[in-house]
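**Q** Test case, fold it:
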Amino acid sequence: MFKVLLIILFFFSSLINSYAEIIKSIKVKGNERISSETIKIFTKVNIGQDINENNLDIIIKDLYSTNFFQDISLNFNDGELSIIVIENPLVQNVVINGIKNKDLKKAVTEQLTIKEKNSYVSQLVTNDLEKTSNFLKLSGYYFAKLNISIEKNENKTVSLIYDIDLGEKALVSKINFTGNKIYKNNTLSRVIVTEESKFWKFLSKKKYLNENRINLDQRLLKNFYLNEGYYKVKISQSTASLIDKNNFMITYNINAGEKFYFNDVKLILPEDYDKKNFENIRLNLEKLKNTEYSLNKIENLLDQIDNIAIQKQFEFINATFKESIDQNKINIQFIIDESQKLYVNRINIIGNDITNEDVIRNFLIVDEGDPLNEILNTKSINNLKSSGLFSKVDFQLKDTDTEYKKDIIIDLVEQPTGEISAGAGYGSTGQTFALGIKENNFKGNATKLNASLNISASTVKGGINLNIPNYNYSDKDLKLNLSRTDNDYLNTSGYKNTVSNFTIGTGFEYKQNLYFNPLAIIEFEKLETNSSASQALKKQDGNYNNLKLNYNFLYDKRNQSFRPTDGFYSNFTQTLPLISNDYSLYNNYDFKTYHKFSENVVGSLSYHFSSINSLDDSDVRISDRISLSSRKLRGFKRGKIGPKDNNDFIGGNYATSFTAATTLPNFLPNLESIDFGLFLDAGNVWGVDYDSSLDNSKIRSSTGFAIDWLTPVGPLSFVLSQPITKASTDVEETFRFDIGTTF
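**A** Numbers count the residues shown, from 1 in each chain. I've put the predicted structure just below:
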């Protein structure tokens, strides 16, 4: 037996040696454009190196991967490696016919992998044709036809000619919600992104048929139901039916199922972990029992575990959760354990043609050389997905030569991040018009640029706002704003003013759910009065220059930002004068809490208080004095309660309001496009620093109905209210309506 083994080993040794020889020389043939030395570098082999058949296969793969060669053959004889190549021709021109719009033509060109001066590779050109077709569909050109022809030139190059017939854009003319959907169409239409096409929506891109947008709608709908407790919700494959010509009807079929509740929720830790580190999580888990199931609540708990992993420096930790169902109750186990001890070797990012790589790395918590913490790595990928910059984010780990190191490959597909919007409205206070331009990836730096212009009967307001996230890797945003407001009240109150502002500041999450936003404000105001103005107003005629410090604390414990059903938020703002013509201190506090009484019946209580007080002997400027908005005190016209000087309502040094409200889902439930609500408001504006005799401390109150109606021309809101207590000088408004639309 031993002799047989020796013979076998000798045979394999001889076989390996017969196929492994030393390279004595390398020759390259057939190349015209690419130098022989460059091709030798591509092979990754050197003279004096052992080579066998496996090495030859690898050389061929490496050479093909350069995309420079149409055909490759190798010959190895007597130590000489011969490389025979046929080069791919260069692309001299890329011509795109059929697209007149310069921006669209540029966008199509950016989709192409094979561009001018690249090597022509037939498979990559075929892929480009498919990518371009998909891009045009996503841009609304669902019926576009594409053809490509290749022309050979005399200089051994080729020209690629794309002939494109765009056809008409595919429009979404109707959106339906069917099935056991629980909620009204009015609510669900606010969840999705896609809009119905109307003749006035000439700027909106959301009216075009877009597969990615429909898939996003399905995810948004599913998350909405999951956060409302419908654990087994099914959003059936949405259908797009051609109605006529280029008009489609989209149907979202929904089966909400029954509502689920949390049952036993447990935290399982490794035996050697200190349970004190996770005590807050354990307490929060106990509070979940018998509450409605919510995906947001689970994700919040996972975020808390993330924070512990960072703070306590658990380098190799993983958190998962398991769910088991008992009738309509869900048992959940949060399992925390040690993960495999791996480190990040390299992070390779693919697909970012517009977004700068350092911006993408800015979203990542795990960096090269760091421990490969599964929780933080998942959070990094989720940061990219939620950035709004990419339609697709693929992630994979790749083995390296070192056993305990991994490469991270992130493959991205960018999406349009700009938007032009316009809107108009009409209501009890008159007409309004708005124009806006948004770009969420300005110059590829993930900078949010927002320019807006708003015009109403008495006010023109415009501005440019920049928000740079995670500025200079500080985990803090940099905020810049330049704005101007013109108010003309000459015919009603005898004055007009112009206020120009420049602000610079930052914003960040100070602690979990607690956000801090400090700002420095440079303000210039010009106040003019006419003969009809009061004597107090005429005294304030002039120019004012101010430097202010504004800061804001927001504590947000709502279960979700859209249609919250539980939790509260608390918001405090203060503005301190640093350099000013007249020094005034401004304070503002808002609190609102939500409670779900039964299915679809959500109540809320809100409280508001604001004040402004002079810190020197001057009076508070008329433009800084406080009034209550019509949303905080319904039943009265905005600015038409409180202190009055002759015929002018002058606002006050103080204002407060309280509102109790609830939804009424069972009131006319068959009206799918209308939501009803009931409210009780109370509030007051008081305090006149220059004449206390003008003060009025009477509490105003009202009750009534609020109606939101999604009409074919845009959202329409009605308020039917009846004042309960009032002052004789107040101006009532028992009926108020506003209708608006976007273009």
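
**Q** alpha carbons only for contacts and neighbour counts from here, please
**A** Will do.

**Q** tell me the contacts of Phe735?
**A** 635, 718-721 (C-alpha atoms under 8 Å, 6 or more residues apart in numbering).

**Q** Mind checking which of those land in strands?
**A** 635, 718-721 (DSSP state E).

**Q** And these, which is the shakiest by pLDDT?
**A** Minimum pLDDT across the ones in strands among the contacts of Phe735 is recorded for Phe718, with 87.

**Q** my guess is it contacts Ala706, does it?
**A** Yes: look at Phe718 against Ala706 with C-alpha atoms under 8 Å: they come within range, at 5.9 Å.

**Q** in the stretch 1-150 of the chain, which spans are strands?
**A** With strands called from DSSP state E, counting those that start in this stretch, the stretch 1-150 of the chain shows them at 21-22, 25-29, 50-51, 69-77, 80-87, 90-97, 145-152.

**Q** Out of those strands, the one nearest Ile114 is which?
**A** In terms of C-alpha to C-alpha, the element of the strands of the stretch 1-150 of the chain nearest to Ile114 is strand 90-97, at 7.9 Å.

**Q** so what secondary structure elements neighbour that closest one?
**A** Counting by 3 or more C-alpha pairs under 8 Å, 6 or more residues apart in numbering; DSSP states H and E, the packing neighbours recorded for strand 90-97 are strand 157-165.

**Q** Show me what the strand it packs on is in contact with.
**A** Counting by C-alpha under 8 Å, 6+ apart, 89-99, 120, 144-153 sit against strand 157-165.

**Q** Please check those and keep the buried ones.
**A** Among these, the ones that count as buried by 16 or more other C-alpha atoms under 10 Å are 89-94, 96, 120, 144, 146.

**Q** quick one: which of these is nearest Leu628?
**A** Ala144 (53.5 Å).

**Q** Next up, the contacts around the closest one.
**A** 133, 136-137, 164-168.

**Q** and stretch 186-206, which residues are buried?
**A** 186, 188-189, 191-192, 194-198, 201, 204-206.

**Q** Save those residues as TSV, and put in secondary structure too.
**A** Converted to TSV, the buried residues of stretch 186-206 look like this (DSSP: H, G, I helix; E, B strand; the rest coil):
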residue	secondary structure
Asn186	helix
Leu188	helix
Ser189	helix
Val191	helix
Ile192	coil
Thr194	coil
Glu195	coil
Glu196	coil
Ser197	coil
Lys198	coil
Lys201	coil
Ser204	coil
Lys205	coil
Lys206	coil
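
**Q** quick one: least confident of those residues?
**A** Lys201 (70).

**Q** which intervals of the stretch 351-500 of the chain have sub-threshold pLDDT?
**A** By pLDDT under 70, the stretch 351-500 of the chain contains no weakly predicted segment.

**Q** Swap in 80 and give it another go.
**A** 353, 373-376, 391, 415-430, 473, 492-493 (pLDDT under 80).

**Q** Just the helices from it, written as ranges.
**A** 357-363, 374-385 (DSSP state H, counting those that start in this stretch).

**Q** sorry, back to before: which of the ones in strands among the contacts of Phe735 ranks first by neighbour count?
**A** Gly635 (27 neighbours; other C-alpha atoms under 10 Å).

**Q** Centre-most residue in this protein?
**A** The centroid of the chain falls nearest to Gly388 when counting by C-alpha atoms, centre = their mean (4.4 Å).

**Q** Enumerate the positions of stretch 410-423 that are buried.
**A** So for stretch 410-423, counting by 16+ other C-alpha under 10 Å, buried means 410-412, 414, 420-423.

**Q** gap between it and the chain center?
**A** 10 Å (C-alpha atoms, centre = their mean, to the nearest Å).

**Q** cool, stretch 47-63 as well?
**A** 48 Å.

**Q** Of all the residues in that stretch, which ones are buried?
**A** Taking 16+ other C-alpha under 10 Å as the criterion, stretch 47-63 shows 50-51, 56, 59-60, 63 as buried.

**Q** Residues in contact with stretch 454-468: which ones?
**A** Contacts of stretch 454-468 (C-alpha under 8 Å, 6+ apart): 430-435, 446-453, 477-489.

**Q** Can you say which of those residues are buried?
**A** The buried subset of the contacts of stretch 454-468 (16+ other C-alpha under 10 Å) comprises 431-435, 446-453, 477-489.

**Q** Report the contact partners of the nearest residue to Tyr404 once chain neighbours are set aside.
**A** Nearest residue to Tyr404, sequence neighbours excluded (C-alpha to C-alpha, 6 or more residues apart in numbering): Leu342, at 4.9 Å. Residues in contact with Leu342 (C-alpha under 8 Å, 6+ apart) are 371-372, 404-406.

**Q** Report the buried members of those residues.
**A** 371-372, 405-406.

**Q** Skip the chain neighbours and tell me the closest residue to Thr575.
**A** Nearest one to Thr575, counting by C-alpha to C-alpha, 6+ apart, is Asn550 at 4.3 Å.

**Q** so what strands line up beside the one helix or strand the one you found maps to?
**A** Per DSSP states H and E: Asn550 is located in strand 542-556. Note on strand 542-556: by DSSP bridges, its sheet partners are strand 514-529 (antiparallel), strand 567-579 (antiparallel).

**Q** can you put the ones you listed in CSV and add mean pLDDT?
**A** Formatted as CSV, the strands paired with strand 542-556 follow (pLDDT from 0 to 100):
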stretch, mean pLDDT
strand 514-529, 94
strand 567-579, 96
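
**Q** Nearest to Ile268, out of those strands?
**A** Nearest to Ile268, of the strands paired with strand 542-556 and by C-alpha to C-alpha, is strand 567-579 at 27.1 Å.

**Q** what pairs with Gln396 across the strands?
**A** Ile409.

**Q** what's around it, how many residues?
**A** By the criterion of other C-alpha under 10 Å, Gln396 has 10 neighbours.

**Q** these two touch, right, it and Ile408?
**A** Yes: contact criterion C-alpha under 8 Å: Gln396 and Ile408 qualify, at 6.0 Å.

**Q** can you count the residues close to the residue nearest to Thr575?
**A** 19.

**Q** What of the one 10 residues further on?
**A** Neighbour count for Gln560, taken as other C-alpha under 10 Å: 16.

**Q** same deal with Ile579?
**A** When neighbours are counted by other C-alpha under 10 Å, Ile579 comes out with 13.

**Q** Could you measure from the residue nearest to Tyr404 over to Gly369?
**A** Leu342 sits at a distance of 10 Å from Gly369 (criterion: C-alpha to C-alpha, to the nearest Å).

**Q** Please apply the same query to Ala424.
**A** For Ala424 relative to Gly369 (C-alpha to C-alpha), the value is 53 Å.

**Q** So for these two, which residue has more residues nearby?
**A** Using other C-alpha under 10 Å as the criterion, Ala424 and Gly369 rank with Ala424 on top: 18 against 14.

**Q** Look up the closest residue to Asn587, ignoring the ones flanking it.
**A** Gln574 is the one closest to Asn587 (C-alpha to C-alpha, 6+ apart), at 4.6 Å.

**Q** so the one you found bridges to which residues?
**A** Tyr551, Asn587.

**Q** Count the neighbours of it for me.
**A** 18.

**Q** which residues of the stretch 301-450 of the chain fall in strands?
**A** So, for the stretch 301-450 of the chain - with DSSP E, counting those that start in this stretch - the strands run 317-326, 329-338, 343-350, 390-399, 405-414, 418-427, 430-442, 447-456.

**Q** Can you pull out the low-pLDDT segments for the stretch 101-250 of the chain?
**A** In the stretch 101-250 of the chain (pLDDT under 80), the answer is 138-140, 198-205, 212, 237-242.

**Q** same thing but 90
**A** 101-144, 150-158, 166-175, 181-187, 189-217, 219-220, 228, 235-249 (pLDDT under 90).

**Q** ok so, going back, could I get the contacts of Leu342 as CSV with distance to Tyr544?
**A** Output for these, formatted as CSV (distance: C-alpha to C-alpha, whole Å):
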residue, distance to Tyr544
Pro371, 56
Leu372, 56
Tyr404, 65
Lys405, 62
Lys406, 61
